[in-house]
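Colleague: Dropping a prediction and its sequence here:
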Amino acid sequence: MTRRAIWWIRRDFRLDDNPALVRAVQANALLPVYIHSDAEEGAWPLGGAQRWWLARSLTAFASSLENVGSRLTILQGEAAKTLVDLARQFDVDEVVWNRRFEPAALAQERRVEAALDALQISWKAFCGNHLFDPEEVATKEGRPYQVYTPFARNVRARPAPAQPKPAPKTLPSVDGAPNGVALESLQLEPRIDWAAGFREQWIPGEGAALVRLRKFTSGALADYPTGRDQPSIDGSSLLSPHLAFGEIGIRRVWHTALQSKISSPTSTDKFLAELLWRDFATHVLYHFPSTDLKPLRAEYARFPWRNDREALRAWQRGQTGYPLVDAGMRQLWATGWMHNRVRMVVASFLVKHLLLPWQEGAKWFWDTLVDADLASNSLGWQWAAGSGADAAPYFRIFNPTSQAEKFDADAAYIRRWVPELARVPNQLVHAPFDAPPLALRAAGITLGLDYPHAIVEHTKARERALAALTAVGKKGATA
DNA sequence: TGAAATGTTGGGGCG
DNA sequence: ACGCCCCAACATTTC
């Protein structure tokens, strides 16, 4: 039995469903510590939106630790050195944590493990934030999966994810813990306050995450297969940022959803399948660690993406002249989140209509999304570009107008996020560039003044993308 | 988790 | 009654 232990908190700001914590509470004295270390995140230090979230998540978590008789220590610096210093100071027998599987985070763990081994301090790492350890899933030939469906079939045939353990009522004492640094010294908050829309939309922290889960599983889940595709309604779980910060356990989400399976089996299965996409993304990035920046299909590395800063900026700011695209990009900017259906549309638009590199989209999403997850972000963008695992074929080009007509028929979503179009009638609002100028005038719109002209013409852009992508795409399809 | 082009079918108008 | 054409609706192929 361990006398004194450190619980190294990484992306698991929660007490419920936490395997590392289950181990940690067996100690007589326990020091919960969060170590901020931007320099060890490789090319992906936390973006602005997630820094905002993290500040609040740390505050909420520190307070819930105090409620169970413990205290959070925040430190800044290289993890291995910081932990070793702390282990000496606190006279520790064991360090426990939940693994992260991003390449830079894994490398950081390897350094921590080596440093602890050198001091003969024992450590235990758990797969606490995923349903299945990405290392343990493999094809019959022992290779990693590159297609979702067989991956999902494989893991669904395995023993179900373990039942989550509830939050402990009390934690071991933190006797002799160092003070650490003040949260403010991490400088997570934006210098200019752009986060008003964030505050309106989100409550970071474990408590709010559990509330959100109950609300979803007792509400929108029943209609999930169709509700999830309509951006104007809350048809999705909205759990993604909570999951990204580990404020809720994936096993808790899995088993809570599973309890709804009796009343709505197909809806529940659809939702569980989405949870497995998250595991699949982690599996792919774990086994193909360069796919955060490089296409998985090598032939895409030579694709001549355009370099057009102005077009990129128009896309980022929601000024493309395509209402659904602009609505999505503005929702992202205002709230740190974008509906998944719209993510697919804006991603397809950047890559195929504008022929700009998917990496630019990935970087923008990384900086602006509160739910940014390196594995999901990389998989999603390579999916859109056609260059990745289980990707959309090169010729799949979303028509932003027909997508809007299909999934935002009454334009409620468009009108909410592109308010200048609020008075444009339904028949015209999805494609103002095709509307008679007089009709637009009546709704207070002059294209080029009140709302942009379309940045590209759909049919021409589609043909341009097909011409450019056909060569590389066909090569890939037969490989 | 696409969209457009092309092909097929069948009802109805018409001479 | 019959053949012809048009076109919508649906299916298939192609990108």
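Modeller: Cool, the structure landed. Residues are numbered from 1 along each chain as shown, chains lettered A, B, ... in the order given.
Colleague: got the residue ranges for the helices in the stretch 251-400 of chain A?
Modeller: A:265-287, A:309-317, A:323-335, A:340-348, A:358-368, A:374-385, A:400-407 (DSSP state H, counting those that start in this stretch).
Colleague: End to end on stretch A:225-235, go ahead and measure it.
Modeller: 9 Å (C-alpha to C-alpha, to the nearest Å).
Colleague: Tell me the buried residues in that stretch?
Modeller: Neighbour counts over stretch A:225-235 (16 or more other C-beta atoms under 10 Å) mark A:227-232, A:235 as buried. (Glycine included, C-beta is placed from N, CA and C.)
Colleague: out of these, which one sits closest to DNA strand C?
Modeller: Distance to DNA strand C across the buried residues of stretch A:225-235 (C-beta to the nearest atom of the strand) is lowest for A:Asp229, with 20.6 Å.
Colleague: And the buried residues of stretch A:225-235, which two are furthest apart?
Modeller: Distance extremes for those: the farthest pair is A:Arg228 and A:Ser232 at 12.2 Å, using C-beta to C-beta.
Colleague: Just put the buried residues of stretch A:225-235 in a markdown table and tack on distance to DNA strand C and secondary structure.
Modeller: Putting the buried residues of stretch A:225-235 into a markdown table (distance: C-beta to the nearest atom of the strand, whole Å; DSSP: H, G, I helix; E, B strand; the rest coil) gives the following:
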| residue | distance to DNA strand C | secondary structure |
| --- | --- | --- |
| A:Gly227 | 24 | helix |
| A:Arg228 | 25 | coil |
| A:Asp229 | 21 | coil |
| A:Gln230 | 22 | coil |
| A:Pro231 | 25 | coil |
| A:Ser232 | 26 | coil |
| A:Gly235 | 26 | coil |
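Colleague: closest to DNA strand B among those?
Modeller: Taking those together and measuring to DNA strand B by C-beta to the nearest atom of the strand, the closest member is A:Asp229, at 7.5 Å.
Colleague: ok, the closest one touching A:Gly235?
Modeller: Yes. Contact criterion C-beta atoms under 8 Å: A:Asp229 and A:Gly235 qualify, at 7.2 Å.
Colleague: can you redo the buried residues of stretch A:225-235 as CSV with distance to A:Met344 and pLDDT?
Modeller: Below are the buried residues of stretch A:225-235 laid out as CSV (distance: C-beta to C-beta, whole Å; pLDDT from 0 to 100):
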residue, distance to A:Met344, pLDDT
A:Gly227, 16, 95
A:Arg228, 12, 96
A:Asp229, 10, 96
A:Gln230, 14, 96
A:Pro231, 11, 97
A:Ser232, 16, 98
A:Gly235, 15, 97
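Colleague: Export those as TSV, with columns for distance to A:Phe216.
Modeller: Putting the buried residues of stretch A:225-235 into TSV (distance: C-beta to C-beta, whole Å) gives the following:
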residue	distance to A:Phe216
A:Gly227	10
A:Arg228	11
A:Asp229	16
A:Gln230	15
A:Pro231	16
A:Ser232	17
A:Gly235	10
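Colleague: ok, the residue of the stretch 1-150 of chain A found nearest DNA strand C - contacts?
Modeller: Here the residue of the stretch 1-150 of chain A nearest DNA strand C is A:Val147; by C-beta to the nearest atom of the strand that distance is 18.1 Å. Shown in contact with A:Val147 (C-beta atoms under 8 Å, 6 or more residues apart in numbering): A:389-390.
Colleague: Which pLDDT value belongs to it?
Modeller: Note on A:Val147: pLDDT of 95.
Colleague: just to revisit the earlier point, quick check: of the buried residues of stretch A:225-235, which lies closest to A:Asp17?
Modeller: Ranked by distance to A:Asp17 (C-beta to C-beta), those are led by A:Arg228 at 23.7 Å.
Colleague: ok, for A:Gly328, nearest residue in space, not its chain neighbours?
Modeller: With C-beta to C-beta, 6 or more residues apart in numbering as the criterion, A:Gly328 has its nearest non-adjacent residue at 3.6 Å, and that residue is A:Val342.
Colleague: Quick check: the one you found touching A:Asp326?
Modeller: No. Using C-beta under 8 Å, A:Val342 makes no contact with A:Asp326, being 10.3 Å away.
Colleague: one step back: could you dump the helices of the stretch 251-400 of chain A to CSV with mean pLDDT, mean neighbour count and distance to DNA strand B?
Modeller: Formatted as CSV, the helices of the stretch 251-400 of chain A follow (pLDDT from 0 to 100; neighbours: other C-beta atoms under 10 Å; distance: least, C-beta to the nearest atom of the strand, whole Å):
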stretch, mean pLDDT, mean neighbour count, distance to DNA strand B
helix A:265-287, 97, 20, 5
helix A:309-317, 98, 15, 18
helix A:323-335, 98, 25, 10
helix A:340-348, 97, 22, 6
helix A:358-368, 98, 21, 15
helix A:374-385, 97, 25, 7
helix A:400-407, 95, 19, 4
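Colleague: DNA strand C: which of those helices is closest?
Modeller: helix A:340-348 (13.0 Å).
Colleague: separation between whichever residue of the stretch 101-250 of chain A sits closest to DNA strand B and A:Tyr394?
Modeller: Nearest residue of the stretch 101-250 of chain A to DNA strand B (C-beta to the nearest atom of the strand) works out as A:Tyr148 at 6.1 Å. From A:Tyr148 across to A:Tyr394, the span is 18 Å (C-beta to C-beta, to the nearest Å).
Colleague: Looking at those two, which is more packed in?
Modeller: The residue with more neighbours, out of A:Tyr148 and A:Tyr394, is A:Tyr394; 24 against 19, by other C-beta atoms under 10 Å.
Colleague: Grab the nearest non-local neighbour of that one.
Modeller: Among residues not flanking A:Tyr394 along the chain, A:Gly473 sits closest, at 2.7 Å (C-beta to C-beta, 6+ apart).
Colleague: Also A:Gly128?
Modeller: Once flanking residues are discounted, A:Gly128 sits nearest to A:Asn98: 3.2 Å by C-beta to C-beta, 6+ apart.
Colleague: beta partners for that neighbour?
Modeller: Taking DSSP bridges as the rule, A:Asn98 bridges to A:Phe126.
Colleague: ok, it - contacts?
Modeller: A:Asn98 makes contact with A:10-12, A:18-20, A:125-129, A:246, according to C-beta under 8 Å, 6+ apart.
Colleague: Go through the residues you listed and flag which are in strands.
Modeller: A:125-126 (DSSP state E).
Colleague: The contacts of A:Asn98 into a markdown table, with extra columns for distance to A:Leu428, neighbour count and pLDDT?
Modeller: Below are the contacts of A:Asn98 laid out as a markdown table (distance: C-beta to C-beta, whole Å; neighbours: other C-beta atoms under 10 Å; pLDDT from 0 to 100):
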| residue | distance to A:Leu428 | neighbour count | pLDDT |
| --- | --- | --- | --- |
| A:Arg10 | 50 | 21 | 98 |
| A:Arg11 | 45 | 20 | 98 |
| A:Asp12 | 49 | 27 | 96 |
| A:Asn18 | 52 | 29 | 98 |
| A:Pro19 | 54 | 23 | 98 |
| A:Ala20 | 55 | 23 | 98 |
| A:Ala125 | 57 | 18 | 98 |
| A:Phe126 | 55 | 17 | 98 |
| A:Cys127 | 52 | 17 | 98 |
| A:Gly128 | 51 | 25 | 98 |
| A:Asn129 | 46 | 27 | 98 |
| A:Gly246 | 45 | 24 | 98 |
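Colleague: For the contacts of A:Asn98, work out which two are farthest apart.
Modeller: A:Ala125 and A:Gly246 (14.2 Å).
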